[in-house]
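1. no FASTA, just this:
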């Protein structure tokens with residue numbers, strides 16, 4: 001039976017049922033014991049709506065303001081039309097902290113950094129089994145925009161192996177006749193989308209400087225590099241520039257305790273925050289430093305013993321960085 005995101009969330013919650021609240025007062029003995037449990041506790045929470053297909057068309061409004069209109073005859077399973085009760089699952093990511101807490105990123109599939117204007121995950125299930133990702137009729141989607149006239153590009157999330165771990169990269173939408181670029185109107189990006197899964201409203205990080213490769217040595221890394229959403233591994237390495245809503249994740253191994261960006265993708269002269277954190281066996285480790293990217297930059301960090309609250313605060317501070 002096909003595993004759904006909701007099932008993965010349930011399994012994680014059952015493993016960490018004692019860590020359900022965003023409480024900075026938790027000590028490490030009562031907090032999440034793994035990166036995966038940390039993401040489940042602090043990351044964007046799964047939003048779930050159930051309805052009968054006889055109610056369609058139906059508009060769902062998510063907590064972050066995304067509006068999704070589901071038309072009649074949208075869902076299929078194995079190519080056959082679906083009727084009856086359907087459960088619709090969604091996650092929303094808008095702020096940097098949403099992405100970091102959620103173990104996600106704004107990496108283009110080529111490795112180039114993207115500047116996010118919002119990303120989300122959509123899934124439909126029936127009796128716990130995922131319905132077809134490709135929809136028979138497209139959804140009408142409206143994503144809040146900061147300014148009318150802003151331009152965004154639509155991307156779909158693709159998960160693939162990097163260094164033996166599953167990581168996320170954003171790729172051009174592959175739907176037939178799909179809208180690739182959308183301009184904001186009435187304070188929203190509004191478009192039709194013909195598939196479920198990971199969706200992103202992003203543009204490329206606007207920095208015309210020459211590009212280089214950045215390496216980071218995590219001298220006392222207590223674990224392995226974490227995979228997408230922390231399903232495996234313990235250690236995350238992120239770079240967040242101070243001039244754009246970019247969350248670039250470094251996840252390509254380059255030797256013992258060394259990780260690198262994609263080759264020749266990081267803009268020289270960019271200034272920002274390098275954030276490294278690890279959660280293993282209930283122990284917390286953190287390193288943070290302001291850096292300026294130079295040609296062939298190699299940074300070296302030493303993780304200090306930390307706490308759940310300290311890592312939470314370091315991540316939240318990046319929303320206003």
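-> In hand now; what should we look at? These numbers come from a predicted model, not from an experiment. Numbering: from 1, shown residues only.
2. Report the contact partners of the residue nearest the centre of the chain.
-> Within the chain, one residue has its C-alpha closest to the average C-alpha position: by Cα atoms, centre = their mean, that is residue 104, at 2.8 Å. For residue 104, the contact set (Cβ atoms under 8 Å, 6 or more residues apart in numbering) comprises 93, 98, 119, 168, 228-229, 247. Any C-beta I mention is one placed from the backbone N, CA and C, and that applies to glycine too.
3. rerun that using 10 Å as the cut-off
-> Neighbouring residues of residue 104 by Cβ atoms under 10 Å, 6 or more residues apart in numbering: 39, 43-44, 91, 93, 98, 116, 119, 121, 157, 168, 198, 200, 228-229, 247, 249.
4. swap in residue 299?
-> By Cβ under 10 Å, 6+ apart, the neighbours of residue 299 are 214-218, 237, 239, 250, 274, 276, 287, 289, 291, 293.
5. Leaving out sequence neighbours, find the closest residue to residue 228.
-> Distances taken as Cβ to Cβ, 6 or more residues apart in numbering place residue 168 nearest to residue 228, at 4.6 Å, with adjacent residues excluded.
6. what's the spacing between the residue nearest to the centre of the chain and residue 289?
-> Separation of residue 104 from residue 289 (Cβ to Cβ, to the nearest Å): 22 Å.
7. Equivalent analysis for residue 141, please.
-> 38 Å.
8. Next: residue 186.
-> Distance from residue 186 to residue 289, by Cβ to Cβ: 42 Å.
9. now do residue 264
-> As for residue 264, its distance to residue 289 is 23 Å (criterion: Cβ to Cβ).
10. swap in residue 277?
-> For residue 277, the distance to residue 289 - Cβ to Cβ - is 13 Å.
11. Of these two, give the one with the bigger neighbour count.
-> Neighbour tally, residue 277 and residue 289, criterion other Cβ atoms under 10 Å: the higher count belongs to residue 277, 25 against 11.
12. Okay, buried residues for the helix or strand harbouring the more buried one please.
-> Element membership for residue 277, per DSSP states H and E: strand 271-280. For strand 271-280, burial by neighbour count (16 or more other Cβ atoms under 10 Å) applies to 272-280.
13. what is the mean pLDDT for it?
-> Averaged over strand 271-280, pLDDT sits at 98.
14. again with stretch 136-145
-> The predicted model assigns stretch 136-145 a mean pLDDT of 97.
15. Can you point out the buried residues in that stretch?
-> Neighbour-count burial for stretch 136-145 flags 137-145 (criterion: 16+ other Cβ under 10 Å).
16. any chance of those residues in JSON lines, plus distance to residue 268?
-> As requested, the buried residues of stretch 136-145 are arranged in JSON lines below (distance: Cβ to Cβ, whole Å):
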{"residue": "137", "distance to residue 268": "47"}
{"residue": "138", "distance to residue 268": "41"}
{"residue": "139", "distance to residue 268": "40"}
{"residue": "140", "distance to residue 268": "42"}
{"residue": "141", "distance to residue 268": "37"}
{"residue": "142", "distance to residue 268": "38"}
{"residue": "143", "distance to residue 268": "32"}
{"residue": "144", "distance to residue 268": "33"}
{"residue": "145", "distance to residue 268": "31"}
